[in-house]
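Engineer: sequence unknown, structure follows:
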């Protein structure tokens, strides 16, 4: 026999031992077990011993008693046919145990049984129902598993307080006369099945019933446990019950017109839902919603934390914007001051050169003085174009105006060459007309040329494509940047600043590899609002066009 078949037989025998099988089911299971697996003979003996003990101590000497004797007799015969004579004789001795077990039940102290866990709760549930209650209903009411319920009912059967009946595969339990007397002695509500129709006791959830006028009808044991009612369990009028439950609650929450929740202690919340029955009576359904309220509390706390974080972020953003405005103001002031000083100094140099040339006959103006003039001029261009204030974009737009990209680039190129004569960069913007764009473009172009040429930028090309000015910059990567990605190399050169301005104004900024292994190509587009023709006419593009989609290449570090 396989281990699976043996396990199935053992499970069947366990059901018999717990008292969950009828005599017919027990006979079939024992016959199969002893026929197929003789080694289970001792296990069958143990099971029949338990059944005999439970049957006799329950004092239920009904029709099933003779059937159980047939089960025991048949098992004894099968054991004898399998050469288990000693076990067979012991099974026959169960008849002697019946009388001894009955006498033992009479002498067993009732107080000991009643002091056990779940005993009074089970008696209360059966007494409140006023009739036999199924084992399924009792498991739901008491929250017990089948094996634990069998232990409790077995103990009560042994003292004669309840009796067991079977209907098919379902067992039911009812109070005996002794059980009703004990229940009344314990102040448990015992209902008369002849006059009451207490269907709510069969419900596996807390229920209480009142008439249309608010008079009490009844409630089940689960309802009394949920509301922590003290024994004896007596349902008051609806008004009195609501007043009592309100006094014991810490907080109340209405979730709908007919549903409310009450907080009983730090961790317990219970919910009640009202429903009007066909006869006009009120049915109250209770439930424990502690887990749901805990989850809600945690979610509310998380939301509060998130809102506080958002408020802090907004304050920090406002503070950053204020500091940016202050920086712009200071930057603009410094720029104006430097421009003013440079202009005055440049004018003095020019005046000196002019006086020198006219007063000193045949005397050549010193080269140093001419160099100072050029340095001051380059400084003016650099300060004007590099220190231009960046507008804070509002509603997606910034200040715009007409600029000549070719002039801006060439002026920046001349400045870069003057500041560093070793620079040999080229630029091609000749075919680009004057365009109306955000003023920040002037700074981006100047920054790319003046700063870029110091970090390997050697070729600048601009073209008008649709409603965008597309600028391509080729950069020769320095040896110290050999281990960096293209974008990391550009960022380390200070050109990442331009990317931020481009994207803020609705443009696109991309870094690509050229395939040569040593060069990097920067491509960025800038939205154009309008262009000026060679005859002075203007072409308006309307609203700032969407950024064109640049051709993609799978390069690590690409920025869209």
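Structural biologist: Nice, I can see it. Bear in mind the structure is a predicted one, so any value in this text is a computation, not a measurement.
Engineer: and the helices in the stretch 151-300 of the chain, which stretches?
Structural biologist: 177-185, 221-226, 238-248, 290-359 (DSSP state H, counting those that start in this stretch).
Engineer: likewise the stretch 451-560 of the chain?
Structural biologist: 486-492, 496-504.
Engineer: which of the ones you listed has the lowest average pLDDT?
Structural biologist: Note on the helices of the stretch 451-560 of the chain: helix 486-492 shows the lowest mean pLDDT, a mean of 60.
Engineer: centre of the chain to the strand or helix carrying residue 445, how far?
Structural biologist: Taking DSSP states H and E as the definition, one finds residue 445 inside helix 440-450. Centre-to-centre, helix 440-450 and its host chain are 47 Å apart (C-alpha atoms, centre = their mean, to the nearest Å).
Engineer: name the helices or strands packed onto that helix?
Structural biologist: helix 367-386, helix 405-419, strand 457-465, strand 468-476, helix 496-504, strand 519-527 (3 or more C-beta pairs under 8 Å, 6 or more residues apart in numbering; DSSP states H and E). C-beta: built from backbone N, CA, C; applies to glycine.
Engineer: what about residue 209, how many residues nearby?
Structural biologist: Neighbours of residue 209 under the rule other C-beta atoms under 10 Å: 19.
Engineer: with residue 295 instead?
Structural biologist: With other C-beta under 10 Å as criterion, residue 295 counts 11.
Engineer: the one 5 residues further on now?
Structural biologist: For residue 300, the tally of surrounding residues (other C-beta under 10 Å) stands at 10.
Engineer: where does it land on pLDDT?
Structural biologist: 91.
Engineer: quick one: the closest residue to residue 456 other than its chain neighbours from residue 460, how far?
Structural biologist: Nearest residue to residue 456 in three dimensions, chain neighbours excluded: residue 476, at 4.2 Å (C-beta to C-beta, 6 or more residues apart in numbering). For residue 476, the distance to residue 460 (C-beta to C-beta, to the nearest Å) stands at 13 Å.
Engineer: what of residue 9?
Structural biologist: Residue 9 is 90 Å from residue 460, by C-beta to C-beta.
Engineer: more neighbours: which of these two?
Structural biologist: Per other C-beta under 10 Å, whichever of residue 9 and residue 460 has more neighbours is residue 460, with 24 against 20.
Engineer: burial count for the residue lying closest to residue 208 once chain neighbours are set aside?
Structural biologist: Nearest residue to residue 208, sequence neighbours excluded (C-beta to C-beta, 6+ apart): residue 219, at 3.8 Å. Other residues near residue 219 come to 27 when the count uses other C-beta under 10 Å.
Engineer: surely residue 219 touches residue 236?
Structural biologist: No - using C-beta atoms under 8 Å, residue 219 makes no contact with residue 236, being 10.2 Å away.
Engineer: most packed of the helices of the stretch 151-300 of the chain?
Structural biologist: Sort the helices of the stretch 151-300 of the chain by mean neighbour count, taking mean count of other C-beta atoms under 10 Å, and helix 221-226 sits at the top with a mean of 22.
Engineer: among the helices of the stretch 151-300 of the chain, which comes closest to residue 281?
Structural biologist: helix 238-248 (10.2 Å; C-beta to C-beta).
Engineer: in this structure, what secondary structure element scores lowest on mean pLDDT?
Structural biologist: helix 94-107 (a mean of 57; mean pLDDT, DSSP states H and E).
Engineer: how about the residue nearest to residue 456, what does it touch?
Structural biologist: 456, 457, 458, 518, 519, 520 (C-beta atoms under 8 Å, 6 or more residues apart in numbering).
Engineer: quick one: which of those residues is nearest to residue 471?
Structural biologist: For these, the nearest to residue 471 is residue 457 (11.3 Å; C-beta to C-beta).
Engineer: number of residues surrounding residue 75?
Structural biologist: Residue 75: 26 surrounding residues under other C-beta under 10 Å.
Engineer: nearest residue to it in space, please, no chain neighbours.
Structural biologist: Nearest to residue 75 is residue 30, by C-beta to C-beta, 6+ apart, at 5.1 Å.
Engineer: dump the residue contacts of residue 441.
Structural biologist: Neighbour list for residue 441: 403, 405, 469, 505, 526 [criterion: C-beta under 8 Å, 6+ apart].
Engineer: which two of the residues you listed have the greatest separation?
Structural biologist: Maximum distance among the contacts of residue 441 (C-beta to C-beta): 14.7 Å, for 405 and 505.
Engineer: before we move on, the earlier item: flag the least confident of the contacts of residue 476.
Structural biologist: For those, the pLDDT minimum is residue 518, 72.
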